[in-house]
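> Turn this into a structure:
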Amino acid sequence: MRPDDAGEPEGRRPWERSTAHSGPPPGTVGDPLTGNGDGAWHTTRSVPSIVVVVLIVLWTVFAVQWKEKDCAFVPTSYLLVLTHGTPTIFEGCGDYPVDVTDD
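Numbers count the residues shown, from 1 in each chain. Sure thing, here's the model as predicted:
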(Lines give C-alpha, C1' and ligand atoms only; values in the text may rest on other atoms or scores of the structure.)
Protein backbone atom coordinates (compact mmCIF):
# COMPACT_ATOMS: atom_id res chain seq x y z
CA MET A 1 0.00 0.00 0.00
CA ARG A 2 1.38 3.37 -0.96
CA PRO A 3 1.23 6.23 1.55
CA ASP A 4 -0.57 8.52 -0.90
CA ASP A 5 -3.18 5.87 -1.76
CA ALA A 6 -5.00 5.96 1.60
CA GLY A 7 -6.55 2.59 0.82
CA GLU A 8 -8.83 3.92 -1.91
CA PRO A 9 -8.89 2.11 -5.26
CA GLU A 10 -7.32 4.13 -8.05
CA GLY A 11 -6.65 6.92 -5.51
CA ARG A 12 -10.24 8.16 -5.65
CA ARG A 13 -13.00 8.47 -3.13
CA PRO A 14 -15.77 5.81 -3.13
CA TRP A 15 -18.30 8.11 -4.82
CA GLU A 16 -15.80 8.87 -7.61
CA ARG A 17 -15.02 5.24 -8.44
CA SER A 18 -15.88 3.92 -11.86
CA THR A 19 -18.12 0.85 -12.06
CA ALA A 20 -15.83 -0.77 -14.63
CA HIS A 21 -13.46 -1.96 -11.88
CA SER A 22 -15.88 -3.82 -9.63
CA GLY A 23 -13.76 -7.00 -9.28
CA PRO A 24 -10.70 -7.64 -7.15
CA PRO A 25 -7.65 -5.44 -7.78
CA PRO A 26 -5.41 -6.54 -10.66
CA GLY A 27 -2.75 -9.04 -9.73
CA THR A 28 -4.67 -10.48 -6.79
CA VAL A 29 -6.25 -13.85 -6.47
CA GLY A 30 -9.94 -14.05 -5.67
CA ASP A 31 -11.37 -15.99 -2.77
CA PRO A 32 -8.92 -18.84 -2.02
CA LEU A 33 -11.74 -21.14 -0.91
CA THR A 34 -13.68 -20.93 -4.16
CA GLY A 35 -10.95 -20.40 -6.71
CA ASN A 36 -12.29 -17.03 -7.84
CA GLY A 37 -13.95 -13.95 -6.50
CA ASP A 38 -17.60 -14.75 -7.22
CA GLY A 39 -17.98 -18.16 -5.55
CA ALA A 40 -19.40 -19.88 -8.65
CA TRP A 41 -16.89 -22.76 -8.64
CA HIS A 42 -17.64 -23.61 -5.02
CA THR A 43 -21.42 -23.55 -5.54
CA THR A 44 -21.48 -25.68 -8.68
CA ARG A 45 -18.99 -28.11 -7.18
CA SER A 46 -20.82 -28.61 -3.87
CA VAL A 47 -24.37 -29.16 -5.17
CA PRO A 48 -23.67 -32.57 -6.77
CA SER A 49 -21.68 -33.58 -3.70
CA ILE A 50 -24.61 -32.75 -1.44
CA VAL A 51 -27.00 -34.74 -3.65
CA VAL A 52 -24.70 -37.79 -3.53
CA VAL A 53 -24.43 -37.60 0.26
CA VAL A 54 -28.22 -37.32 0.64
CA LEU A 55 -28.75 -40.35 -1.64
CA ILE A 56 -26.25 -42.44 0.33
CA VAL A 57 -27.92 -41.48 3.60
CA LEU A 58 -31.37 -42.46 2.23
CA TRP A 59 -29.99 -45.74 0.89
CA THR A 60 -28.55 -46.49 4.33
CA VAL A 61 -31.85 -45.67 6.06
CA PHE A 62 -33.67 -48.12 3.79
CA ALA A 63 -30.93 -50.73 4.30
CA VAL A 64 -31.38 -50.45 8.07
CA GLN A 65 -35.04 -51.40 7.60
CA TRP A 66 -33.92 -54.64 5.93
CA LYS A 67 -31.35 -55.17 8.71
CA GLU A 68 -34.20 -55.03 11.24
CA LYS A 69 -35.82 -57.90 9.29
CA ASP A 70 -32.80 -60.14 10.10
CA CYS A 71 -30.95 -59.56 6.82
CA ALA A 72 -27.18 -59.10 6.71
CA PHE A 73 -26.45 -55.38 6.64
CA VAL A 74 -23.68 -55.43 4.03
CA PRO A 75 -24.19 -56.29 1.18
CA THR A 76 -27.61 -58.00 1.43
CA SER A 77 -29.58 -55.08 2.88
CA TYR A 78 -28.16 -52.60 0.37
CA LEU A 79 -28.86 -54.94 -2.55
CA LEU A 80 -32.41 -55.57 -1.34
CA VAL A 81 -33.04 -51.83 -1.36
CA LEU A 82 -32.12 -51.79 -5.05
CA THR A 83 -34.10 -54.91 -5.98
CA HIS A 84 -37.12 -54.77 -3.64
CA GLY A 85 -37.23 -51.25 -2.20
CA THR A 86 -38.35 -51.07 1.41
CA PRO A 87 -39.61 -54.24 3.13
CA THR A 88 -43.29 -54.89 3.76
CA ILE A 89 -44.46 -56.43 7.02
CA PHE A 90 -44.37 -59.88 5.39
CA GLU A 91 -40.90 -59.63 3.80
CA GLY A 92 -37.61 -60.36 5.47
CA CYS A 93 -34.74 -62.79 5.69
CA GLY A 94 -34.87 -66.10 7.51
CA ASP A 95 -38.12 -66.99 9.35
CA TYR A 96 -40.44 -64.46 7.67
CA PRO A 97 -43.42 -65.58 5.52
CA VAL A 98 -41.69 -64.27 2.37
CA ASP A 99 -37.96 -64.89 2.47
CA VAL A 100 -36.56 -62.51 -0.13
CA THR A 101 -33.11 -64.11 -0.08
CA ASP A 102 -34.51 -67.21 -1.86
CA ASP A 103 -35.31 -65.25 -5.07
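> What is the burial count for the spatially closest residue to V64 that is not a sequence neighbour?
Nearest residue to V64 in three dimensions, chain neighbours excluded: S77, at 7.3 Å (Cβ to Cβ, 6 or more residues apart in numbering). In this view, the C-beta of every residue, glycine as well, is placed from N, C-alpha and C. S77 has 22 neighbours, counted by other Cβ atoms under 10 Å.
> Reduced to three states, what does S77 come out as?
Under DSSP: H, G, I helix; E, B strand; the rest coil, S77 falls in the helix class.
> from what I can see it touches E68, true?
No: in this structure, S77 is not within contact of E68 by Cβ atoms under 8 Å, at 9.2 Å.
> Now do the same for the residue nearest to V64: its pLDDT.
We have a pLDDT of 94 for S77.
> and it, what does it touch?
By Cβ atoms under 8 Å, 6 or more residues apart in numbering, the contact set of S77 is 63-64, 66-67, 71.
> show me where the chain has helices.
Along the chain, counting by DSSP state H, helices occupy 40-67, 78-84.
> For the last one, which helices and strands make contact with it?
So that's helix 78-84. On a contact count with 3 or more Cβ pairs under 8 Å, 6 or more residues apart in numbering; DSSP states H and E, helix 78-84 meets helix 40-67.
> name the helices or strands packed onto the helix it packs on?
Against helix 40-67 (3+ Cβ pairs under 8 Å, 6+ apart) you get helix 78-84.
> Buried residues in the helix it packs on, which are they?
By neighbour count on 16 or more other Cβ atoms under 10 Å, the buried set for helix 78-84 is 78, 80-81.
> thinking again about what came up before, most tightly packed of the helices of the chain?
The highest average neighbour count among these, using mean count of other Cβ atoms under 10 Å, belongs to helix 78-84 at a mean of 16.
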